[in-house]
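1. Compute the structure for the input listed below.
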Amino acid sequence: MSKLPPLPPTVIEPMVRCALDEDFGNSGDLTANLLVPASAKGKLLMRAREAGVIAGMQAAQMTYAMVDPRVKFTVKKGDGSKVKKGDIIATVEGPTRALLSAERVALNFLGRMSGVATLTSQYVKAVKGCKGYKNPVRIAATRKTTPGLRAVEKQAVLAGGGFTHREGLAAAIMIKDNHIALAGGVDKALKAISKNADHMTRVSVEVDTLAQLKKVLKYAPDVVLLDNMNAATLGKAVAIVDAYAGRRPILEGSGGVNLNTVRGLAETGIDVISIGALTHSAPNFDIGMDAA
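-> Numbering: from 1, shown residues only. All right, here's what the predicted structure looks like:
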């Protein structure tokens, strides 16, 4: 994968500062400060203990920079890099106290985000070769992210070859089942949006039946989210949209997707499959820190 652009430092810094504040408390690293002379220098190797895709390197690098700017952090495998078990992904060298004190926070970011990237890459691989209306089927994240870590988790999804979906409530209009229920029905909800939405804002509407799909097409939404539909029903939904004479929306499938079912869903011809598990259920990626 091509190199990802870094997130703005103003986005990353509060996350790293919060994690360090949580770990350092009011007294700092009692163990390192008592056992290691202030003048001591050292070098540590970050090594992958399994195969996968790396992400979270920017947060790890900033962790060390905030603890002690004298630490030299050298990236060997950046975000989006595929690694094998045993690969060195980064080296850190400088004041030994800082190397030890920042270790866990840096590894927490790397392990969590590399887990997200690795899981995403598995889904992307599972749907390889499947095409939507115009483009290859996309694997996308959702807003089911760890509070406070959305930006880095979605960056990790990108590192794994996926797409990020909307970043937050202000990024797009997404009319879901509760919006429809509280608005008094799908027609009322979509008429209100059509009348009041900014012309620059994309509109997505969730449906869970083919009858609802047929009803919303006349409002020409940008995206229709087909919720909790099996492959057979998704195939029928694609046929309905393909036969529709009006504007064709992007078709997104979501709900209950796993690595065993995603290929069958992708083969129906939908455009996007969004998966909350990419961020809420990714296992930690095992990375070790060893003395050089």
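2. Could you verify my assumption that residue 252 touches residue 225?
-> Yes: if you go by Cβ atoms under 8 Å, residue 252 and residue 225 touch, sitting 4.7 Å apart. (Each C-beta comes from the backbone N, C-alpha and C, glycine too.)
3. list residues touching both of those two?
-> 204, 274 (Cβ atoms under 8 Å, 6 or more residues apart in numbering).
4. Output the below-cut-off pLDDT ranges for this protein.
-> 1-3 (pLDDT under 70).
5. Just the helices from it, written as ranges.
-> Secondary structure of the chain (DSSP state H): helices located at 9-24, 30-35, 57-67, 96-101, 103-126, 150-159, 177-183, 186-196, 210-217, 231-243, 262-266, 277-280.
6. Reformat the ones you listed as a markdown table; add mean neighbour count and distance to residue 82.
-> Shown next, in a markdown table, are the helices of the chain (neighbours: other Cβ atoms under 10 Å; distance: least, Cβ to Cβ, whole Å):
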| stretch | mean neighbour count | distance to residue 82 |
| --- | --- | --- |
| helix 9-24 | 15 | 23 |
| helix 30-35 | 12 | 33 |
| helix 57-67 | 24 | 14 |
| helix 96-101 | 22 | 27 |
| helix 103-126 | 24 | 8 |
| helix 150-159 | 25 | 10 |
| helix 177-183 | 13 | 39 |
| helix 186-196 | 14 | 42 |
| helix 210-217 | 17 | 38 |
| helix 231-243 | 16 | 29 |
| helix 262-266 | 21 | 20 |
| helix 277-280 | 22 | 17 |
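7. Let me have these in CSV, adding distance to residue 171 as columns.
-> CSV is the format used below for the helices of the chain (distance: least, Cβ to Cβ, whole Å):
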stretch, distance to residue 171
helix 9-24, 15
helix 30-35, 42
helix 57-67, 22
helix 96-101, 37
helix 103-126, 19
helix 150-159, 11
helix 177-183, 16
helix 186-196, 15
helix 210-217, 20
helix 231-243, 24
helix 262-266, 24
helix 277-280, 16
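8. Which of these sits closest to residue 47?
-> Proximity to residue 47 (Cβ to Cβ) singles out helix 103-126 among these, at 10.9 Å.
9. tell me the angle of that closest one relative to helix 150-159?
-> Interaxial angle, helix 103-126 versus helix 150-159 (axes from the mean of the first three to the mean of the last three Cα atoms, to 10 degrees): 40 degrees.
10. and helix 103-126, how far out from the chain's middle?
-> Taking the mean of its C-alpha atoms, helix 103-126 sits 9 Å from the chain's own mean (Cα atoms, centre = their mean, to the nearest Å).
11. Also stretch 177-185?
-> How far stretch 177-185 lies from its chain's middle: 28 Å, per Cα atoms, centre = their mean.
12. Now that stretch - C-alpha only, CSV.
-> The C-alpha coordinates for stretch 177-185 follow below in CSV (Å, rounded to 0.1, in the frame of the first residue of the first chain):
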residue,chain,number,x,y,z
ASP,A,177,-34.2,3.3,11.7
ASN,A,178,-34.7,5.4,14.8
HIS,A,179,-34.6,8.7,12.8
ILE,A,180,-37.3,7.3,10.6
ALA,A,181,-39.4,6.1,13.6
LEU,A,182,-39.1,9.4,15.4
ALA,A,183,-39.7,11.5,12.3
GLY,A,184,-43.0,9.7,11.6
GLY,A,185,-42.0,7.5,8.8
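13. Contacts for that stretch, please.
-> Contacts for stretch 177-185 (Cβ under 8 Å, 6+ apart): 186, 189, 192, 206, 208, 227.
14. so which of the residues you listed comes closest to residue 215?
-> The closest of the contacts of stretch 177-185, once distances to residue 215 are taken by Cβ to Cβ, is residue 186, at 6.0 Å.
15. With adjacent residues omitted, what lies nearest to that closest one?
-> With Cβ to Cβ, 6 or more residues apart in numbering as the criterion, residue 186 has its nearest non-adjacent residue at 5.0 Å, and that residue is residue 180.
16. Could you find the closest non-adjacent residue to residue 60?
-> Of all residues not flanking residue 60 in the chain, residue 106 sits nearest, at 4.0 Å (Cβ to Cβ, 6+ apart).
17. any idea how far that neighbour is from residue 23?
-> Distance of residue 106 to residue 23, given as Cβ to Cβ, to the nearest Å: 11 Å.
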